[in-house]
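Asks: I would like the atomic coordinates for the input below:
(chains A and B)
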Amino acid sequence: MGAVAIHCEGISKRYRLGERQRYRALRDAVSEAVSAPFRRMRSALRGQGTEHHRGPEYLWALRDVSLEVRHGEVLGIIGRNGAGKSTLLKILSWITRPTAGRAEIYGRTGSLLEVGTGFHPELTGRENIYLNGAILGMTRCEIERKFDEIVEFSECERFLDTPVKHFSSGMQMRLAFAVAAHLETEILLVDEVLAVGDAPFQEKCLAKARKAAHAGRTVLFVSHNLLAVNTHCSRAICLHEGKVVSEGPSQQVTSRYVRNWITRLTEIEYPDLSRAPGNERFRLRRACVRPLNGTPDDQITVRTPIVVEFEYQKLADEDSLELVVDLLDQHGVHILETWWPADRPVPSGVSRSWFVVPGDLLNAGPHRVRFFGALAACGLPTLEDLLVFDVQDSADLRNLYHGDWPGAVRPNIEWKTEQLGPLSPGDDSLRS
Amino acid sequence: MRVNKPGSSWDLRWRQLWEYRELVYFLTWRDIKVRYKQTILGAAWAIVQPVFTALILSLFLGKLAKVPSDGMPYPVFAYTAMVPWQLFSQALTEASNSLVANERLITKVYFPRMAIPLSAVLAALVEFAIAFLVLVPFLAYYRIVPKATAITALFIGLLAVVVAFGVGLWLSALNVQYRDVRYTLSFIIQLWFLASPVAYPASVVPHRWRVWYGLNPMVGIIEGFRWAMLGIGHPPWRLVLASVASTAVILIGGLFYFQRMEDSFADLM
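Replies: Purely as a prediction, here's the structure:
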């Protein structure tokens, strides 16, 4: 372990809410400038401060983050969406400035926040290699020296002089990744770009990444893929709401993350019934998702049967009730829909309804539960993301493959092979 | 070691822009390569625009409205002015839209942001070169042979690039925050065209207003360019000097404004 490569002290980053979503039109600034004095006057008359009441709303993407990474270390950064991972990488790579604190970076730094930044569809593969390389910070000599290697890595030799708009998206990704993989800076900041291409190409990328780590380069790796973090990073930090909540050996940090942060939406209760979802004749009291024979705090893996249950209050016996539940994966793919049919009566009072999703069905990754239904043939409000749960990968079926397991579902499918007969003597047809 | 903290260092920017000079080269090269992809006329566009503008001006202003042209054939007078004007308006348009057009780069990679408007402006030099090459046979047709002063025309052309860069710094940075710039731009260029001596000679402006008129840097540039190519009358040194002075003010202001805004670009995109 070498000298300090990255040293951060109390980094905070504040965004004005809405700033990132929408640009301002000049008229907004003008109307603000015109209305501000009146507003200030009004609140002064009421004897209130201006700042607290009508000031713009801010969001702290990072709060007081301190961090030290040594040369040759591979550090994983995990956390939920919006935890500040990407903001941290953006500050370390200089794309944006911290609102407070300082980040010191010792050594040439390359950042891969996206694959194929700056690719131009009208330019040929060859031209894009040069352009993309230059954008990532390579010099022309460097690109020229590695050009053949990049082309070979990308497996796109034949299309080198075709505009990339005619490439398939897979080919574009491969070409882009090939350039990125040859960025040989001392410090590398990577934001979840490893998951590109088909399985053999992924394996090639991982091999390249491992080689980089062995060569003593410093890598900061942001990922949602806990398995990849465990495999590639010796140390990890976990961010939550802009703060570092845990730091240490990867295994320890990832398993703590799973226990504490991902499972947070596996249970929801509405103590105040008058404000619970529903209407005057039906209220949802509680919903949870848990492993069969477990609690909502327990870990769910791809192999676990999962229980989804709802507790609700119903006013009248005679109202028919239909409950519909959709299960969606992280990409918004609709995995399944299931329902309690309206023709099965539910008595008034408090009831619980549940169903079991069998194990060996869902793929790894976050899943979301959408809830809706109908009471007396009248629609109940749709609850998007009522529950969110993470299905953990399980290593026991994977053998040597570490990449993403493609597909919306992942049933445990058994293969069989049987021999139909031995080779007949003198049968040479397999040779030549 | 590099330190990222609030605030920024002015002299660091220059060193970095130098370090990233190859990127400026590649971005310029990209802008040039991509500009006329999927067009029928291709690079001929560089000539079509100034030639047709000069034709229309010659017909309506030269022939019908009898606008004076300092004793030149009006088409010569107008096309010669169109060459630096086209360079300026093209460079300004490209530079002003450049940051917004390269949003992906700005939010995903670090490099000195000034590389983007700079390369946009440099790419416009190609069209200038084409229009300039057409100018020579055009003048020959009117039996005008450029004198040695024509060399100065190239420097004056560079001055037009600097003006476009200076204004482009202001507008591109403003454009990141206020997209109104996009809609105002063609309007600004139209007004600027009318306020510059492209279709009429600077000599129609009364003497007492000349000083104020000269504050428009394009006045000195266009008059200077015309003098350099056609070689008639006195060299308009005073207008050119005024132009250099106001260019310097615009450029320095633009540099300061740009570097002050630069840090927030990625957050505002």
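Asks: now B:Val48: which helix or strand?
Replies: Element membership for B:Val48, per DSSP states H and E: helix B:45-57.
Asks: for A:Glu311, same thing?
Replies: Here A:Glu311 is assigned to strand A:306-314, by DSSP H and E.
Asks: alpha carbons only: can I get whichever helix or strand comes after that strand in CSV?
Replies: Downstream of strand A:306-314, the first helix or strand assigned by DSSP H and E is strand A:321-329. Taking Å, rounded to 0.1, in the frame of the first residue of the first chain, the C-alpha atoms of strand A:321-329 are listed here in CSV:
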residue,chain,number,x,y,z
LEU,A,321,-62.9,-6.2,-2.7
GLU,A,322,-60.3,-6.8,-5.3
LEU,A,323,-56.6,-6.3,-4.5
VAL,A,324,-54.1,-6.2,-7.4
VAL,A,325,-50.3,-6.3,-7.0
ASP,A,326,-47.7,-5.7,-9.7
LEU,A,327,-44.1,-6.6,-9.2
LEU,A,328,-41.6,-4.6,-11.2
ASP,A,329,-37.8,-4.8,-11.4
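Asks: for the chain, what spans make up the helices?
Replies: In the absence of a named chain, this looks at chain A. Secondary structure of chain A (DSSP state H): helices at A:26-45, A:51-54, A:85-92, A:125-136, A:140-154, A:169-181, A:199-214, A:226-232, A:250-260.
Asks: oops, wrong one, chain B.
Replies: Secondary structure of chain B by DSSP H: the helices cover B:10-19, B:21-35, B:45-57, B:74-101, B:103-108, B:115-141, B:150-177, B:180-194, B:207-214, B:217-230, B:237-261, B:265-268.
Asks: return the most buried member of those helices.
Replies: Across those, the average number of neighbours (mean count of other Cβ atoms under 10 Å in any protein chain shown) peaks for helix B:217-230, which reaches a mean of 27. The C-beta positions use only the backbone N, C-alpha and C, and glycine is treated the same way.
Asks: what sits against A:Thr304?
Replies: A:Thr304 is in contact with A:Pro291, A:Leu292, A:Gly294, A:Gly359, counting by Cβ atoms under 8 Å, 6 or more residues apart in numbering or on different chains.
Asks: so where is the stretch 301-432 of chain A shaky, pLDDT-wise?
Replies: Along the stretch 301-432 of chain A, segments meeting pLDDT under 70 span A:330-332, A:395-404, A:429-432.
Asks: quick check: B:Leu87 touching B:Ala129?
Replies: No: using Cβ atoms under 8 Å, B:Leu87 is not in contact with B:Ala129, being 9.4 Å away.
Asks: circling back to that earlier point, can you flag the weakest of the helices of chain A by average pLDDT?
Replies: Confidence, taken as mean pLDDT, is least for helix A:51-54 of the helices of chain A (a mean of 43).
Asks: of the helices of chain B, which shows the lowest average pLDDT?
Replies: Mean pLDDT is lowest for helix B:10-19 among these, at a mean of 79.
Asks: how about the residues of the stretch 51-200 of chain B near chain A?
Replies: Neighbours of chain A within the stretch 51-200 of chain B, by Cβ under 8 Å from any Cβ of the partner chain: B:104-111, B:176-180.
Asks: kindly recompute the last result at 7 Å.
Replies: By the rule Cβ under 7 Å from any Cβ of the partner chain, the part of the stretch 51-200 of chain B lying against chain A is B:Arg104, B:Leu105, B:Thr107, B:Lys108, B:Val109, B:Tyr110, B:Gln177, B:Tyr178, B:Arg179, B:Asp180.
Asks: list the residues that contact the second one.
Replies: Counting by Cβ atoms under 7 Å, 6 or more residues apart in numbering or on different chains, B:Leu105 makes contact with A:Thr117, A:Gly118, A:Ile135.
Asks: so which of those residues is the most crowded?
Replies: A:Ile135 (25 neighbours; other Cβ atoms under 10 Å in any protein chain shown).
Asks: wait, it sits on B:Val109?
Replies: Yes: if you go by Cβ atoms under 7 Å, A:Ile135 and B:Val109 touch, sitting 5.6 Å apart.
Asks: quick one on the thing from earlier: with distance to B:Met1 added, can I get the helices of chain B in CSV?
Replies: Output for the helices of chain B, formatted as CSV (distance: least, Cβ to Cβ, whole Å):
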stretch, distance to B:Met1
helix B:10-19, 12
helix B:21-35, 22
helix B:45-57, 46
helix B:74-101, 28
helix B:103-108, 24
helix B:115-141, 23
helix B:150-177, 28
helix B:180-194, 37
helix B:207-214, 48
helix B:217-230, 41
helix B:237-261, 21
helix B:265-268, 22
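Asks: so for A:Ile143, which of these sits nearest?
Replies: Nearest to A:Ile143 among the helices of chain B is helix B:21-35 (9.5 Å), distances taken as Cβ to Cβ.
Asks: can you tell me the closest non-neighbouring residue to B:Leu87?
Replies: Spatially, and ignoring its direct neighbours in sequence, B:Leu87 is nearest to B:Phe128 (4.1 Å; Cβ to Cβ, 6 or more residues apart in numbering or on different chains).
Asks: picking that back up, quick check on the contacts of A:Thr304: which are buried?
Replies: A:Pro291, A:Gly359 (16 or more other Cβ atoms under 10 Å in any protein chain shown).
Asks: let me know the closest of the contacts of A:Thr304 to A:Tyr312.
Replies: Using Cβ to Cβ, those come closest to A:Tyr312 at A:Leu292, 21.2 Å.
Asks: check contacts around that closest one.
Replies: A:Pro305, A:Ile306, A:Val307, A:Val356.
Asks: tell me how far it lies from chain B.
Replies: The gap separating A:Leu292 from chain B is 43 Å, by Cβ to the nearest Cβ, to the nearest Å.
Asks: what residues does chain A have near chain B?
Replies: Residues of chain A lying close to chain B (Cβ under 7 Å from any Cβ) are A:15, A:19-20, A:23-26, A:90-91, A:93-100, A:102-106, A:111, A:113-114, A:117-118, A:120, A:122-123, A:130-131, A:134-136, A:139-140.
Asks: let's see which of those residues end up in strands.
Replies: With DSSP state E as the criterion, strands contain A:Tyr15, A:Ala100, A:Arg102, A:Ala103, A:Glu104, A:Ile105, A:Ser111 from among these.
Asks: now the first one: how far from B:Val109?
Replies: Going back to what we said before, that points to A:Tyr15. Separation of A:Tyr15 from B:Val109 (Cβ to Cβ, to the nearest Å) stands at 20 Å.
Asks: more neighbours, the two?
Replies: For A:Tyr15 versus B:Val109, the count of surrounding residues by other Cβ under 10 Å is larger for B:Val109: 24 against 17.
Asks: pretty sure the more buried one sits against A:Ala134.
Replies: No: the pair B:Val109 / A:Ala134 is not scored as a contact, 10.3 Å apart, by Cβ under 7 Å.
Asks: OK, contacts around B:Ser98?
Replies: B:Ile116, B:Pro117, B:Ala120, B:Ser172.
Asks: ok so, going back, can you tell me which of the contacts of A:Thr304 is nearest A:Ala209?
Replies: Checking the contacts of A:Thr304 against A:Ala209 with Cβ to Cβ, the nearest one is A:Gly359 at 32.0 Å.
Asks: any idea how far the most centrally placed residue in chain B is from B:Ile130?
Replies: When Cα atoms, centre = their mean is applied to chain B, the residue found nearest the centroid is B:Phe88 (2.0 Å). As judged by Cβ to Cβ, B:Phe88 and B:Ile130 stand 15 Å apart.
Asks: which residues touch stretch A:114-129?
Replies: A:131-132, A:135, A:143, A:147, A:150, A:156, A:159-165, A:172-173, A:175-177, A:179-180, A:193, A:196, B:30, B:33-34, B:37, B:104-105, B:108-109.
Asks: what's the answer for stretch B:207-217, then?
Replies: With contacts defined as Cβ under 7 Å, 6+ apart, stretch B:207-217 is touched by B:163, B:195-196, B:202, B:205, B:219-220, B:239, B:242-243, B:246-247, B:250.
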